[in-house]
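Peer 1: Just need the structure, nothing else, for what follows:
(chains A and B)
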Amino acid sequence: MLLWNHYPLNLPLKKARAMPIHTAHRLTDAASRIILGKEHAVRLALACILARGHLLIEDIPGVGKTTLAHVLARLLGLQFQRIQFTSDMLPADIVGVSVFDQREGAFRFHPGPVFAQLVLADEINRATPRAQSALLEAMEEHQISAEGRTWPLPEPFFVIATQNPADQIGTFPLPESQLDRFLMRISLGYPDRAAERALLAGDDRREILARLPTELKPGELDALFAATRAVHVGPRLLDYVQALLAHSREGAGFAVGLSPRAGLGLLASARAWALMAGRDHVLPEDVQAVLPAVAGHRLRAADETPLPPERLVCRLIEAVALP
Amino acid sequence: MSSLRPDQAGWLMASAAITLAPHTPHLPLALSAICALLLAWRGILVHGDRALPHRALLMVLAATIIAIVLVEFHHLFGKEPGIALLAGLLSLKLLETRSVRDGRAVVLLCFFMQLGQFLYQQNMAVAALAFIGAITTVASLLALQGFAEPPRARALAAARLILQGLPLMLVLFVLFPRVQGPLWGLPADAYNRVGGLSDSMAPGDFARLGESGAIAFRARFEGDPPPPAERYWRGPVLTRFDGHTWRSGPLRSSEQPAYRPQGIAYPYTLTLEAHNNHWLLALDFPAATPGLRFTDDYQLLAREPVQNRQRVTLLSYPHTPVGVEETAFNLRAALALPPGFNPRTRELGQRLRAEAKNPADIPDLAIAHFRQSRLNYTLEPLPLGRDDVDSFLFDTKQGFCEHFAAAFVVTLRAAGIPARVVTGYQGGEINPVDGTLIIRQSDAHAWTEAWLPGRGWIRIDPTAASAPQRIENGLAAALPDSTRLPFMLRADLAWLHGLRNRLDALNNSWNQWVLGYNPARQKELLGGLGFGQPDWQTLTALMGGGSLIVMGALTLWALRRRSSADAIDRSWALLCRRLASIGLPRDAWEGPLDYAHRLARQRPDLAETLTALATDYARLRYGPATADPLQSRRFHHSIKNFRPR
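Peer 2: Numbering: from 1, shown residues only, chains lettered A, B, ... in the order given. Prediction:
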């Protein structure tokens, strides 16, 4: 992989390895050893985490969605909980429930599985909107309201949700307003020939996962967040991002444009992407790289025949010249 | 048509307030109050985000304003009623300013009213006020034009615009062909408030002037000024006396003086404040000067009354003997005394005549008598009777210079010596800041001239007999300590004095170079710059050329500023053009690194250079600002040398 930045080569190895770019590389390398042939998706997922956003992975079953969430939790050393969404699920199954304690003579709140740093919401579109909204509220507020009290969720708090494409039977597709709360939506897709071969020939993924060590030392994740926030965004780049947003709202061919929240998310993701590319400033290329994941689930074409989201985003990119 | 934002309304109100405030001294009080109220009302409406008043109410207010103007001035035309009406209309207009278009009307009115200040006064303070007003109004115009911005940034932008206009203003000011006098006649009331000497003198006139600190004129000597005792600036000469008032005799004037200048000469330039009379205040005795006339009692006259500040360059010979061959007519006039006035003084004159062995001794005897009488020099003399010379000399013994001069002349005339009162200014004060001699109204003085056979007219200052310090050191030194002195004459306020000197030097340059910039000044300045004596065609050509140069320089400066920021972009565009010409165009949306990456695959031979250039461009364009011109120059250089084929 090509490194654009020119960090001092005479840096001591230990110090160099602590640089954010290296930490990010260590993470992507480790994840790519398990999720074979999906380096781009893995990097997007990591960028999403670094930008402190929630991730939606949309794909058919069995391509490694759950594994990716597991790997990320393991590598980042986050406390992990998995919630399998089903159609008969209730909000209390997610946020927790108050139970009457005989000995104390009072209700006691039993926190649900959402009280974790990284929550994997598996097959979120299988649950009813009521159950979905309980999780989505937690995502937005970073806290849970139950029994007239609020409980803060642990920090950092991430949700990685997976969903099957909506044309499958027995699903409740997420409404647009709730899709907007996910910073990115990515899909994995089938592995290519070589990756599939390695997958078939290799060890059981679950065993590898169990042996996977935590890559990050305590505090390293916070340092990564801080480094992401510190990536420089110049006025020219803001011009470009604004032009993109304006075109998505006013340009022909778009029914729904990008919200201000989407704009903020786009910048944050581009910062993370630039950091992972080893740069201290964001380029239009970074914005373009994360735009399909950030904007794909938010844009809607004005045409009758729906374009696939990637095509729509490409149309947006190609319509806006660099300032 | 868009409605006004709060910041736009705010700027308009600030402009109106700053424009109207300097007008309050000459607006009717009721009108000032109404304007202030209307402004405050608009402010409240903006603050509370409430609707503007109904049109009918505004009509009533407009009628009120017109009524006030009519009551105050009795008509609606002319300078003062016009300005008053406009002030009222400006405040009213704010209350019906709904759209940007209305806002522009307010801006126009503001600019007009700022010009209107100069109809009353043209000093530096007014100019400064108009300048501040102009900045605020330009800021309003900017606010009407663009987005909301912090007030500080907006004001700075307006100031920058005005500063950019200054060079052009200077070119137009210096080079616009000047005409003599004002372009249009100012209303007659412009001149009626000028104080100073008059062509008559009665007891008490000079004491009143003595309290005025206003400047009468300034003189700048080439070389050393004469000693204070010789600084007699001759104004009206008063020969006729009716027992109470002294008046000037019949004036016969010619272009040549009736004397031949002799002795030491003092060249100097006078800058006279307007006094609405013909006389100029020359140091005795000036040589012939083109355009000026001399009376036969040696007054220097201008052809026109001095209605504007005027500059005259003169050459004076203080030791010239004058009037040795005076006409019998003039001598007779200088001996006349009205019958039935001042019997005691006449008696004194006859006694002196009898005592004197030689008539030429009489003035000395009279001075000696004045000294013995212990006359007091004071700014506040006691009231005098019908025979005011008698009561001054023998009863009250308190007087100011005009009392001394009148009494002395009456005494001499009674003794048969022709004598007359000369008024003018005596002394003056050198401003250490710019070296000019400043003569104030408080330096007004009256002295006498006596005619002796074979010697002609000699100056005798009877005030010197009782208060010689008046002549040597000025008024303040001569008065007893108990006298209530005009504020500015007090010696213990030295710092105030210094401040006033500095301010005065500044004012003098303003008068000389801004207000007094007339055709003569213009010729002088351009002559000094090597343009000789330009006619108006040359001036127009110079002005056009100068304006073009200034505009060109400003345009170049603006272009340069833009291009230095865009040098990196232009280099990058050059690279893209070169690559496009060999069939490798960049898509408009394509980022530099992606572009280099794509080309690197198509043209591996260029890969290294392209990647390096694209990386440099990306860092220079999007990276944290490094104020390192070297980097961008190196980048430009490497692109210039990169010629792909």
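Peer 1: wait, doesn't B:Ala614 sit right on B:Glu590?
Peer 2: No: with contacts counted by Cβ atoms under 8 Å, B:Ala614 stays clear of B:Glu590, the gap being 10.4 Å. (Each C-beta comes from the backbone N, C-alpha and C, glycine too.)
Peer 1: interface residues of chain A facing chain B?
Peer 2: By the criterion of Cβ under 8 Å from any Cβ of the partner chain, the positions of chain A lying close to chain B are A:2, A:4, A:232, A:234, A:236-237, A:280-285, A:288, A:317-322.
Peer 1: please redo it, this time with the cut-off set to 6 Å
Peer 2: Counting by Cβ under 6 Å from any Cβ of the partner chain, the residues of chain A close to chain B are A:4, A:232, A:234, A:236-237, A:281, A:283-285, A:317-318, A:320-321.
Peer 1: State the distance from the residue in the stretch 201-350 of chain B that chain A sits nearest to to B:Gly435.
Peer 2: With Cβ to the nearest Cβ as the measure, the residue in the stretch 201-350 of chain B that lies nearest chain A is B:Arg309; the distance is 54.5 Å. For B:Arg309, the distance to B:Gly435 (Cβ to Cβ, to the nearest Å) stands at 19 Å.
Peer 1: Tell me which of these two has more neighbours.
Peer 2: In terms of neighbours (other Cβ atoms under 10 Å in any protein chain shown), B:Arg309 is the more surrounded of B:Arg309 and B:Gly435; the figures are 17 against 11.
Peer 1: residue closest to the middle of chain A?
Peer 2: For chain A, the residue whose C-alpha lies nearest the mean C-alpha position (Cα atoms, centre = their mean) is A:Leu55; its distance is 2.6 Å.
Peer 1: Tell me both backbone torsions, phi and psi, for that one.
Peer 2: In this entry, A:Leu55 is assigned phi and psi values of phi -120, psi 140 (degrees, to the nearest 10).
Peer 1: what about the residue sitting furthest away from the middle of chain A, which SS state?
Peer 2: Relative to the C-alpha centroid of chain A, counting by Cα atoms, centre = their mean, A:Arg103 is the outermost residue, at 43.2 Å. In the three-state summary, A:Arg103 is assigned as coil, counting by DSSP: H, G, I helix; E, B strand; the rest coil.
Peer 1: where exactly do the strands run in the stretch 51-200 of chain A?
Peer 2: The residue ranges that make up the strands of the stretch 51-200 of chain A, judged by DSSP state E, counting those that start in this stretch, are A:54-58, A:80-84, A:96-101, A:106-111, A:118-122, A:143-146, A:149-152, A:158-163, A:182-186.
Peer 1: Need those strands in a markdown table (columns: mean pLDDT).
Peer 2: Below are these laid out as a markdown table (pLDDT from 0 to 100):
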| stretch | mean pLDDT |
| --- | --- |
| strand A:54-58 | 90 |
| strand A:80-84 | 89 |
| strand A:96-101 | 81 |
| strand A:106-111 | 82 |
| strand A:118-122 | 89 |
| strand A:143-146 | 80 |
| strand A:149-152 | 83 |
| strand A:158-163 | 89 |
| strand A:182-186 | 91 |
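Peer 1: of those, which approaches B:Asn330 most closely?
Peer 2: strand A:182-186 (109.2 Å; Cβ to Cβ).
Peer 1: Sheet partners, orientation included, of the closest one?
Peer 2: Here the strand partners of strand A:182-186, with direction, are listed using DSSP bridges: strand A:54-58 (parallel).
Peer 1: Let me know the angle separating the strand it pairs with from strand A:158-163.
Peer 2: In terms of direction (axes from the mean of the first three to the mean of the last three Cα atoms, to 10 degrees), strand A:54-58 departs from strand A:158-163 by 20 degrees.
Peer 1: hmm, who's touching strand A:54-58?
Peer 2: Applying Cβ atoms under 6 Å, 6 or more residues apart in numbering or on different chains, the external contacts of strand A:54-58 come out as A:45, A:48, A:65, A:139, A:159-163, A:182-187.
Peer 1: what secondary structure does the closest residue to A:Trp273 other than its chain neighbours sit in?
Peer 2: On the basis of Cβ to Cβ, 6 or more residues apart in numbering or on different chains, the spatially nearest residue to A:Trp273 that is not a chain neighbour turns out to be A:Asp286, at 4.3 Å. Classification of A:Asp286 into helix, strand or coil gives helix, according to three-state DSSP.
Peer 1: so who does A:Gly234 touch?
Peer 2: Taking Cβ under 6 Å, 6+ apart as the definition of contact, the neighbours of A:Gly234 are B:Tyr622.
Peer 1: quick revisit: please list all residues in contact with the residue nearest to A:Trp273.
Peer 2: Residues in contact with A:Asp286, defined by Cβ under 6 Å, 6+ apart, are A:Ala270, A:Trp273, A:Ala274.
Peer 1: doesn't B:Arg459 fall inside a strand?
Peer 2: Yes: secondary structure assignment (three-state DSSP) places B:Arg459 inside a strand.
Peer 1: any residues touching stretch B:500-512, and which ones?
Peer 2: Contacts of stretch B:500-512 from elsewhere in the structure, counted by Cβ under 6 Å, 6+ apart, are B:Met124, B:Arg218, B:Arg309, B:Asn431, B:Val433, B:Asp434.
Peer 1: next one: stretch B:595-603
Peer 2: B:Leu584, B:Arg586, B:Ala607, B:Leu610, B:Thr611, B:Ala614.
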